[in-house]
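**Student:** sequence plus the predicted model coming up.
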Amino acid sequence: MKSLLKYLNNYKKETILAPLFKMLEAGFDLLVPLVVASIIDSGIGKGDSAHILKMGGVLIMLAIVGLTVALTAQYFAAKAAAGFGTELRHDLFKHIQSLSYSQLDHVGTSTLITRMTTDVNQVQAQVNMAIRLLLRSPFIVFGAMFMAFTVDAKAAMVFVVAIPVLSIIVYGIMLITIPMYKKVQKGLDQIMMSTRDNLAGVRVIRAFNKQEAETKRYEEENYFLYKTQMLAGRISTIMNPMTYVIVNGAIIGILWIGGKQVDTGVLSQGQVVALVNYMSQILVELIKLAGLIINIIKALACASRIEEVFQLKPGMEEGTRQAGETSEYIVEMEHASITYNESGEESLSDVNLTVKPGEMIGIIGGTGSGKSTLVQLISRFYDVTSGCVKIHGVNVKEYTYEALGRMISVVPQKALLFKGTIRSNMEWGKKDATDEEIIEAMKVSQSYEFVMQKENTIDAIVEQNGKNFSGGQRQRLTIARAVVAKPEILILDDSASALDYVTDLKLRQALRNLGNMTIFVVSQRTASIMDADKIVVLDDGQVMGIGTHEELLKTCETYQEIYESQNKSEEEGR
């Protein structure tokens with residue numbers, strides 16, 4: 001939690017003024033029992049109506065001033081907490097963006113979403129509460145004890161006994177419940193992950209009639225969360241009755257001791273009432289403090305989970321180079337290998353490849369053969385564990401991310417469009433793209449015709465994830481988004497799988513006419529890569545052959561099997 005407190009640095013004034021105003025309010029509250037005692041002793045006891053009215057006016061004044069001071073404190077506390085939450089979310093999001101793909105895969109999307117939302121909200125809420133009450137409640141407790149001593153030292157000894165006992169109870173329960181609330185947050189993570197998976201895969205679940213199985217799994221996870229929350233909640237709720245018992249016992253002690261002293265004339269009735277009021281104030285504040293501590297325990301668990309994310313150092317260090325060197329090859333892979341996190345075997349082994357500017361490179365292989373991994377090494381989504389990957393003769397690790405972004409455009413396997421318009425999506429490729437550039441990119445990607453049929457053409461609305469477009473339309477729009485950037489290297493990671501053969505052919509022909517752009521086409525269809533300058537054949541992370549379509553049909557058994565199986569399927573389909 002300490003490391004997160006730096007986000008209050010810009011709100012030092014508010015974090016000082018808020019508790020000061022709350023303690024000022026507490027000071028007014030501590031005067032109330034003395035005013036009530038005066039009304040009882042000097043007003044009611046002596047039948048002095050003027051004194052009663054005078055002291056009643058003082059009570060009203062204390063209430064008004066206390067309310068004003070409390071509202072001022074609330075304003076400063078809310079301002080500090082809101083600023084704290086805003087800056088924390090900003091830095092957390094920025095830090096997550098700096099993590100490597102491997103780290104994101106390892107941590108998991110669902111837990112990161114939980115920490116960005118639920119955990120930060122919980123911490124922000126408790127920062128607000130802590131600024132207002134963390135000093136006020138102890139101030140009232142010890143202030144009431146001090147005021148009790150000013151009334152009568154003998155009766156005030158009850159406070160000296162009660163307060164340490166109450167402190168031990170609160171501290172003990174806090175030690176027990178902190179680990180439990182950490183388990184609650186882990187259970188919440190699991191619920192979030194299950195919910196996300198089910199919503200994303202609802203069609204698959206229904207297609208395989210797995211609704212009951214998924215519902216049962218969700219109920220089991222939900223029940224675990226319920227049981228953990230109930231156990232932590234039950235232990236936490238012990239605090240209130242235990243504090244009530246002790247405080248009420250203390251009040252009985254005050255009445256017993258005070259009653260005897262009233263009989264002997266040492267104390268007045270008003271003073272005994274004041275002592276009881278002070279003990280009641282302690283009870284109210286301890287209940288508030290107990291609730292605050294329970295919530296702070298939850299917030300500390302949330303804060304530790306947020307700190308865990310901040311403690312993740314970016315897995316890949318950014319380089320400093322903005323440009324490459326003069327080289328015959330635009331892309332070179334020298335003995336490139338990669339092993340994913342917690343994987344015993346290499347996902348890609350000893351890849352050697354050279355690519356000249358303007359060449360089209362096809363990459364083919366079975367599922368899990370390493371096709372996507374190979375192109376992700378070029379764009380530096382992942383780093384090689386051995387060997388190296390070069391662009392323009394320079395190791396990709398030496399480039400800045402901005403420089404790589406300028407040189408490379410990637411169209412991933414899953415076509416993703418952002419909510420907005422077609423134009424705003426195209427501007428992801430180039431911020432200042434003109435209408436002519438956008439239209440030209442659409443013609444290349446074969447999306448021009450259906451976009452022009454839209455009511456607002458390139459300003460047509462795009463719903464979240466592009467759900468108002470078909471799979472093939474989304475793929476073509478994502479290709480257009482990459483093309484509009486006019487990169488040196490264009491990577492199509494199986495991004496034309498939803499296109500028919502005719503559209504796929506037109507797309508490849510249009511890409512060929514883009515000039516000196518180097519294109520990597522990942523596909524499982526030989527028809528999509530057979531006219532490439534080079535074809536890389538992969539099988540289980542190993543390069544089985546590199547060459548043209550004709551060369552591989554003669555020399556590569558793996559490629560022959562793929563080609564023959566697909567051609568045979570097509571002939572049987574006819």
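**Tutor:** Nice, I can see it.
**Student:** helix, strand, or coil at the closest residue to Gly393 other than its chain neighbours?
**Tutor:** Using C-beta to C-beta, 6 or more residues apart in numbering and skipping the chain neighbours, the partner closest in space to Gly393 is Ser327 (3.4 Å). (Glycine included, C-beta is placed from N, CA and C.) Applying DSSP: H, G, I helix; E, B strand; the rest coil to Ser327 yields a three-state assignment of coil.
**Student:** tell me how many other residues crowd Ser327.
**Tutor:** Neighbourhood size, Ser327 [other C-beta atoms under 10 Å]: 16.
**Student:** likewise the one 4 residues further on?
**Tutor:** In terms of burial, Val331 registers 24 neighbours under the definition other C-beta under 10 Å.
**Student:** for Lys227, same thing?
**Tutor:** 12.
**Student:** in which helix or strand would I find it?
**Tutor:** Here Lys227 sits within helix 211-237, counting by DSSP states H and E.
**Student:** same question, Gln97
**Tutor:** Counting by DSSP H and E, Gln97 is part of helix 49-98.
**Student:** same check, this time on Tyr563
**Tutor:** Using DSSP H and E, Tyr563 sits within helix 557-573.
**Student:** before we move on, back to that, and the helix holding Lys227, what's its mean pLDDT?
**Tutor:** What helix 211-237 shows for mean pLDDT is 87.
**Student:** so which elements touch whichever helix or strand comes after it?
**Tutor:** Following helix 211-237 in sequence order, the next helix or strand is helix 239-264 (DSSP H and E). On a contact count with 3 or more C-beta pairs under 8 Å, 6 or more residues apart in numbering; DSSP states H and E, helix 239-264 meets helix 153-200, helix 269-310.
**Student:** and the angle from helix 239-264 to helix 153-200?
**Tutor:** Per axes from the mean of the first three to the mean of the last three C-alpha atoms, to 10 degrees, the angle that helix 239-264 makes with helix 153-200 is 160 degrees.
**Student:** would you mark the buried spots in helix 239-264?
**Tutor:** Residues 239, 242-243, 246-247, 250-251, 253-255, 257-258, 261 are the ones in helix 239-264 that count as buried (16 or more other C-beta atoms under 10 Å).
**Student:** same question for stretch 467-476.
**Tutor:** Phe469, Gly472, Gln473, Arg474, Gln475, Arg476.
**Student:** alpha carbons only: can I get the helix or strand containing the fourth one in PDB?
**Tutor:** Element membership for Arg474, per DSSP H and E: helix 471-483. Output of helix 471-483 as PDB, limited to C-alpha atoms (Å, rounded to 0.1, in the frame of the first residue of the first chain):
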ATOM      1  CA  GLY A 471     -16.400 -12.100 -40.600                       C
ATOM      2  CA  GLY A 472     -15.100 -11.600 -44.100                       C
ATOM      3  CA  GLN A 473     -15.900  -7.900 -44.000                       C
ATOM      4  CA  ARG A 474     -14.100  -7.500 -40.700                       C
ATOM      5  CA  GLN A 475     -11.000  -9.200 -42.100                       C
ATOM      6  CA  ARG A 476     -11.000  -7.000 -45.200                       C
ATOM      7  CA  LEU A 477     -11.300  -3.800 -43.100                       C
ATOM      8  CA  THR A 478      -8.500  -4.800 -40.800                       C
ATOM      9  CA  ILE A 479      -6.300  -5.400 -43.900                       C
ATOM     10  CA  ALA A 480      -7.300  -2.000 -45.200                       C
ATOM     11  CA  ARG A 481      -6.300  -0.500 -41.800                       C
ATOM     12  CA  ALA A 482      -2.900  -2.000 -42.100                       C
ATOM     13  CA  VAL A 483      -2.400  -1.100 -45.800                       C
END
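**Student:** show me what the helix or strand just after that helix is packed up against.
**Tutor:** The helix or strand immediately downstream of helix 471-483 is strand 489-493, counting by DSSP H and E. Counting by 3+ C-beta pairs under 8 Å, 6+ apart, the packing neighbours recorded for strand 489-493 are helix 371-378, strand 408-411, helix 471-483, strand 518-522.
**Student:** neighbours of Leu31, how many?
**Tutor:** Using other C-beta under 10 Å, the number of residues around Leu31 comes to 14.
**Student:** what's the closest non-adjacent residue to it?
**Tutor:** Leu62 is the one closest to Leu31 (C-beta to C-beta, 6+ apart), at 6.3 Å.
**Student:** now do that neighbour against Gln269, distance only.
**Tutor:** 22 Å (C-beta to C-beta, to the nearest Å).
**Student:** repeat for Leu112
**Tutor:** 63 Å.
**Student:** which one's more surrounded, those two?
**Tutor:** Ranked by neighbour count (other C-beta under 10 Å), Leu112 and Gln269 place Leu112 first, with 18 against 15.
**Student:** what mean pLDDT would you report for the one helix or strand that one maps to?
**Tutor:** For Leu112, the host element (DSSP H and E) is helix 109-114. What helix 109-114 shows for mean pLDDT is 80.
**Student:** so what secondary structure elements neighbour that helix?
**Tutor:** Counting contacts by 3+ C-beta pairs under 8 Å, 6+ apart, helix 109-114 packs against helix 153-200.
**Student:** what segments of the stretch 351-500 of the chain are helices?
**Tutor:** 371-378, 401-407, 422-426, 435-444, 448-452, 471-483 (DSSP state H, counting those that start in this stretch).
**Student:** can you redo those as JSON lines with distance to Lys94?
**Tutor:** Listed next are the helices of the stretch 351-500 of the chain as JSON lines, based on distance: least, C-beta to C-beta, whole Å:
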{"stretch": "helix 371-378", "distance to Lys94": "23"}
{"stretch": "helix 401-407", "distance to Lys94": "13"}
{"stretch": "helix 422-426", "distance to Lys94": "22"}
{"stretch": "helix 435-444", "distance to Lys94": "30"}
{"stretch": "helix 448-452", "distance to Lys94": "34"}
{"stretch": "helix 471-483", "distance to Lys94": "24"}
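**Student:** tell me the helices and strands packed up against the helix holding Gln97.
**Tutor:** Using 3+ C-beta pairs under 8 Å, 6+ apart, helix 49-98 sits against helix 12-38, helix 120-133, helix 269-310.
**Student:** pull out the buried positions in the first one.
**Tutor:** I take that to be helix 12-38. So helix 12-38, judged by 16+ other C-beta under 10 Å, has buried residues 14-15, 17-19, 21-26, 28-30, 32-38.
**Student:** could you measure the closest residue to Gln473 other than its chain neighbours against Met426, distance?
**Tutor:** Closest residue in space to Gln473, ignoring its immediate chain neighbours: Phe450 at 6.0 Å, by C-beta to C-beta, 6+ apart. The gap separating Phe450 from Met426 is 15 Å, by C-beta to C-beta.
**Student:** between those two, which is the more surrounded one?
**Tutor:** Neighbours per residue (other C-beta under 10 Å) separate Phe450 from Met426, with Met426 holding more: 24 against 16.
**Student:** per-residue pLDDT, the closest residue to the more buried one other than its chain neighbours?
**Tutor:** Leaving aside its sequence neighbours, Met426 sits nearest to Ile438 (C-beta to C-beta, 6+ apart; 4.7 Å). What the model reports as pLDDT for Ile438 is 92.
**Student:** Met1 now?
**Tutor:** Looking at Met1, the pLDDT reads 64.
**Student:** please apply the same query to Ile562.
**Tutor:** 89.
**Student:** contacts only, for the residue lying closest to it once chain neighbours are set aside.
**Tutor:** With sequence-adjacent residues excluded and distances taken as C-beta to C-beta, 6+ apart, Ile562 is closest to Thr526, at 6.0 Å. Counting by C-beta atoms under 8 Å, 6 or more residues apart in numbering, Thr526 touches Ile364, His549, Tyr559, Ile562, Tyr563, Gln566, Asn567.
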